[in-house]
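S.K.: Here's a sequence, model it:
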Amino acid sequence: MIRLARVGARKQPYYRIVVIEKDRARNGRSIEVVGTYNPRTNPASVTLKHERVAYWSGVGAQMSPTVAKLVANNPAPATEPAAV
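M.R.: A predicted model of the protein is given here:
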């Protein structure tokens with residue numbers, strides 16, 4: 001599953017977007033960190049490794065509803081076509 005894991009101090013949330021087994025604890029041992037989410041900035045900042053998210057989704061990892069919204073609102077940057 002691809003979901004958020006909270007890090008950061010009390011009343012200062014900061015999240016990692018992680019690939020983790022579904023039955024593990026929220027901040028348990030994850031398989032891979034694929035991004036970060038900071039809701040305290042204005043606007044909220046999101047960094048994603050789009051190729052890794054696509055890979056894990058391709059092999060069957062399900063996204064939590066919150067992560068699905070973050071991925072949908074932050075699409076991968078379009079690659080420029082090679083100059084001919």
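
S.K.: The one residue sitting closest to the centre of the chain: what's it in contact with?
M.R.: The centre of the chain sits closest to Ile17, judged by Cα atoms, centre = their mean, with a distance of 3.4 Å. With Cβ atoms under 8 Å, 6 or more residues apart in numbering as the criterion, the residues that contact Ile17 are 2-5, 33-37, 48, 53, 67, 70. Using the backbone N, CA and C atoms, a C-beta is placed for each residue, glycine as well.

S.K.: Throw the residues you listed into a markdown table and include distance to Ala76, pLDDT and neighbour count, thanks.
M.R.: Supplementary listing: the contacts of Ile17 in a markdown table, determined by distance: Cβ to Cβ, whole Å; pLDDT from 0 to 100; neighbours: other Cβ atoms under 10 Å:
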| residue | distance to Ala76 | pLDDT | neighbour count |
| --- | --- | --- | --- |
| Ile2 | 15 | 95 | 24 |
| Arg3 | 20 | 95 | 21 |
| Leu4 | 19 | 95 | 20 |
| Ala5 | 22 | 94 | 16 |
| Val33 | 18 | 95 | 14 |
| Val34 | 12 | 95 | 24 |
| Gly35 | 12 | 95 | 21 |
| Thr36 | 16 | 96 | 16 |
| Tyr37 | 16 | 96 | 20 |
| Leu48 | 8 | 93 | 18 |
| Val53 | 9 | 93 | 21 |
| Val67 | 15 | 94 | 22 |
| Leu70 | 13 | 93 | 21 |
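
S.K.: Narrow those to those in strands?
M.R.: Judged by DSSP state E, the contacts of Ile17 include Ile2, Arg3, Leu4, Ala5, Val33, Val34, Gly35, Thr36, Tyr37, Leu48 as members of strands.
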